[in-house]
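> Return atomic coordinates for the entry below.
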Amino acid sequence: MRYLAKAISLWVIFGACGAAINASTTPRNESPKTALLVLDMQEDFLGDQAKMPIKKEQIPAVTAVVNSLIDEFEKDGRQIIYIKSEFPVIALGNKLRHYAAIKGSAGTNIYKKIRISGDVIFSKKTPDAFSNHDFEKYLSANGINRLVITGVFADQCVLDTTLAALDKKYQVTFIRNGVGARSEKDVNKACEKVKQKGGEVVDYQPGIHID
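The predicted structure is shown next:
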């Protein structure tokens, strides 16, 4: 019962939206592509006034890795996709989330130190980004079959999205030093789960090309 209660609690905190914003589908490209996925790198999770922050010591390093990947993908002309949590004003989990990332609030904005390249941004109100069906339609329309995944929280929204992608037969590269959580232990647990499901886990270093 204790584990069931914990699972229910996590669902309440991150569970319950899915409309695309600033993104549109395009005709299918027949050549498979890799896209960088930047998940929930938002002010309420990383900013100075974050209502539900990851471990503060992780923020500079995770931010630097994500920005380096954004630079690499932009230089190569590859897709960069941003995902944001935007929770309804009235939702069961808002109090447990300390009212973080409420739709329409400044806390939903992409963290100010993260570079925004392009305008492909989708919103969600559940942990799994695939809960927004327009997101998957965009991947399909653009011939994307491989995802390089970064963001927060490593053991919750990032992990749920990664496992969903693997279930849907996408190739996945999970960037170990490009994800954050409340603790290093949580990050490590997420990495182990990704490996168990067949995903690739790597540490990114600037100058090393991620296919």
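> how about the strands in the protein?
20-21, 33-39, 79-85, 121-124, 144-152, 171-180, 200-202 (DSSP state E).
> Can you name every helix or strand that the longest one contacts?
The contact analysis (3 or more Cβ pairs under 8 Å, 6 or more residues apart in numbering; DSSP states H and E) places strand 171-180 against helix 59-76, strand 144-152, helix 157-167, helix 184-196, strand 200-202. Using the backbone N, CA and C atoms, a C-beta is placed for each residue, glycine as well.
> Out of those, which one sits most buried?
Burial of the helices and strands packed on strand 171-180 is given as mean neighbour count (mean count of other Cβ atoms under 10 Å); strand 144-152 ranks first at a mean of 24.
> gap between it and the chain center?
8 Å (Cα atoms, centre = their mean, to the nearest Å).
> Give me the residues contacting it.
32-41, 45-46, 54, 62, 65-66, 69, 73, 79, 83, 138-139, 157-158, 161-162, 165, 170-175, 178-181, 210-211 (Cβ atoms under 8 Å, 6 or more residues apart in numbering).
> Could I have the buried ones of those residues as ChimeraX selection syntax?
Of those, the buried ones can be selected in ChimeraX as follows, counting by 16 or more other Cβ atoms under 10 Å:
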select :34,35,36,37,38,39,40,41,45,46,54,62,65,66,69,73,79,83,138,139,157,158,161,162,165,170,171,172,173,174,175,178,179,180,181,210
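> how near is Lys51 to Glu74?
30 Å (Cβ to Cβ, to the nearest Å).
> lowest confidence element among the helices and strands of the chain?
Across the helices and strands of the chain, mean confidence by mean pLDDT, DSSP states H and E is lowest for strand 20-21: a mean of 39.
> Distance to Asp134 for the helices and strands packed on strand 171-180 - can I get that in CSV?
What follows is these, written out as CSV (distance: least, Cβ to Cβ, whole Å):
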stretch, distance to Asp134
helix 59-76, 21
strand 144-152, 14
helix 157-167, 15
helix 184-196, 25
strand 200-202, 26
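> The ones you listed: which one's closest to Leu92?
helix 157-167 (16.8 Å; Cβ to Cβ).
> who does that closest one touch, helix- and strand-wise?
By 3+ Cβ pairs under 8 Å, 6+ apart, helix 157-167 packs against strand 33-39, strand 144-152, strand 171-180, helix 184-196.
> Would you mind giving those as a markdown table with distance to Lys113 and mean pLDDT added?
Formatted as a markdown table, the helices and strands packed on helix 157-167 follow (distance: least, Cβ to Cβ, whole Å; pLDDT from 0 to 100):
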| stretch | distance to Lys113 | mean pLDDT |
| --- | --- | --- |
| strand 33-39 | 12 | 97 |
| strand 144-152 | 13 | 98 |
| strand 171-180 | 13 | 98 |
| helix 184-196 | 20 | 98 |
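> Would you mind saying which of these lies nearest Arg115?
strand 33-39 (9.5 Å).
> Ile121: which of the helices and strands packed on helix 157-167 is closest?
Per Cβ to Cβ, nearest to Ile121 of those: strand 33-39, 9.3 Å.
> Other residues contacting the closest one?
Contacts for strand 33-39 (Cβ under 8 Å, 6+ apart): 66, 69-70, 73, 78-83, 114, 129, 139, 142-152, 157-158, 161, 210-211.
> how about that strand as CSV, C-alpha atoms only?
The C-alpha coordinates for strand 33-39 follow below in CSV (Å, rounded to 0.1, in the frame of the first residue of the first chain):
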residue,chain,number,x,y,z
LYS,A,33,15.7,12.6,-38.5
THR,A,34,17.0,13.1,-35.0
ALA,A,35,15.4,15.8,-32.8
LEU,A,36,16.5,17.4,-29.5
LEU,A,37,13.8,17.4,-26.9
VAL,A,38,14.1,20.0,-24.1
LEU,A,39,11.6,19.1,-21.4
